[in-house]
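*Asks:* 3D, please:
(one chain, ligands or ions: 1)
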Amino acid sequence: MSSTVLSVKNLNVTYKTATFDVEAVKNVSFELHRHEILGIVGESGSGKSTIALALMRLLPNNAVITGEASLYSRDGSRIDNVLTLPEEELRRIRYRWGKISIVFQGAMNSLNPLLTVKDHFIDTAQAHGIDKEEALKIAADLLRSVRLEPARVLRSYPHQLSGGMKQRVMIALALMLNPDVIILDEPTTALDTLTQRQILELIRDLRKERDVGIMLITHDLSVVADVADKVLVLYRGYVMEIGDVYTVYSRPYSPYTLMLINSFPAIGKRIIKLKPAGITATTNNRGCPFINRCPFASIECADADMNLIEVEPGHFSSCIKANLIQQQVAGKVMASEQQQ
Ligand SMILES: Nc1ncnc2c1ncn2[C@@H]1O[C@H](COP(=O)(O)OP(=O)(O)OP(=O)(O)O)[C@@H](O)[C@H]1O
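*Replies:* Down below sits the predicted model:
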């Protein structure tokens with residue numbers, strides 16, 4: 001197992017609004033290793049982007065954040081207070097920091113149409129104190145590493161590039177400061193199927209070739225199945241389940257994960273019918289947030305503490321009935337396979 005690059009403990013984010021508080025992330029903990037892809041999967045509004053923004057220290061002013069995140073850089077340095085580092089210090093180290101970088105959802109559309117790719121690299125480099133000559137050398141290397149031809153791409157304007165090429169340019173730009181962690185937020189959304197495949201292949205290659213840990217944020221379970229090593233399933237800010245992808249997908253210990261798998265026929269062979277999505281709210285702040293949609297729910301779930309339980313080595317579920325559910329699922333799957 002390669003070394004830990006990022007360790008997040010008990011991350012909570014609450015957005016304060018004039019009328020009420022939105023508890024967007026609740027007690028989230030996870031570890032990311034070098035050369036590892038962690039998929040963070042969940043429906044819209046589950047808190048995926050909030051986790052990313054918290055780690056980048058880019059949350060809006062109405063966000064209140066608690067918890068710890070430690071970053072272990074390849075140069076041997078360690079930052080223990082990523083979440084609370086004072087603004088001034090943050091500004092100072094951001095200049096050449098780049099230890100965590102992010103490619104935002106839809107970022108390829110934010111390339112400036114009036115600038116060539118070369119200008120984008122030079123601007124990014126200069127903002128971090130790298131001179132033009134060095135920037136161009138780095139840019140050429142990075143473009144090659146995302147499988148683009150530097151000579152042609154550097155002189156192109158965004159409109160001269162396909163969606164897939166623009167996404168590769170964004171990934172190359174995010175690698176400019178040689179980050180230890182890269183966050184990719186919905187990197188394949190809005191791309192056609194073939195281009196999606198190529199980008200996923202690239203992400204897989206980057207994981208092997210570069211000394212980084214990759215956080216891949218998506219609502220698409222099949223993307224995670226394709227490339228990730230580990231998966232963290234998020235629902236209304238809570239970690240419902242976490243473990244290696246193969247184990248979680250083949251033996252889900254959370255009814256919510258099971259529902260997600262069922263909604264992706266290409267992945268799910270399970271046959272348990274769950275209530276349709278739609279009712280999402282429990283009004284109180286206690287118990288399992290999935291209670292209203294869960295076919296296994298009973299009165300104890302209303303008091304569940306949502307702490308993660310290790311159901312098998314390295315595989316955690318917050319469902320208090322995890323073992324019971326797994327037995328029922330395994331029984332029904334076997335029964336359906338015998339009928340076929
Ligand atoms: N600035 C804000 N003020 C108040 N609430 C917010 C703010 N930003 C996000 N939220 C709320 O926080 C919750 C989590 O949002 P977040 O964007 O992190 O979810 P997500 O899983 O990334 O969703 P999506 O897949 O749609 O991007 C949602 O209920 C959202 O409405």
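*Asks:* buried residues of the helix or strand harbouring Asn27, list them for me.
*Replies:* Following DSSP states H and E, one finds Asn27 within strand 21-33. Across strand 21-33, burial judged by 16 or more other Cβ atoms under 10 Å covers Val22, Glu23, Ala24, Val25, Lys26, Asn27, Val28, Ser29, Phe30, Glu31, Leu32, His33. Backbone N, C-alpha and C define where each C-beta goes, glycine included.
*Asks:* for stretch 52-66, same thing?
*Replies:* Ala52, Leu53, Ala54, Leu55, Met56, Arg57, Leu59, Ala63, Ile65.
*Asks:* which residues touch the fourth one?
*Replies:* If a contact means Cβ atoms under 8 Å, 6 or more residues apart in numbering, then Leu55 has Leu6, Val8, Ala69, Val82, Leu83, Ile100, Val181, Ile183 as its contacts.
*Asks:* of these, closest to the ligand?
*Replies:* Ranked by distance to the ligand (Cβ to the nearest ligand atom), the contacts of Leu55 are led by Ile183 at 11.7 Å.
*Asks:* now that closest one: which helix or strand?
*Replies:* Going by DSSP H and E, Ile183 is part of strand 181-185.
*Asks:* okay, the angle between that strand and strand 21-33?
*Replies:* 130 degrees (axes from the mean of the first three to the mean of the last three Cα atoms, to 10 degrees).
*Asks:* output the contacting helices and strands for the helix or strand just after strand 181-185.
*Replies:* Counting by DSSP H and E, the next helix or strand C-terminal to strand 181-185 is helix 193-209. Using 3 or more Cβ pairs under 8 Å, 6 or more residues apart in numbering; DSSP states H and E, the elements in contact with helix 193-209 are strand 37-41, helix 163-174, strand 213-218, helix 221-227.
*Asks:* tell me which of those sits nearest to the ligand.
*Replies:* Here strand 213-218 is closest among the helices and strands packed on helix 193-209 (Cβ to the nearest ligand atom), at 7.0 Å.
*Asks:* noted, bye for now.
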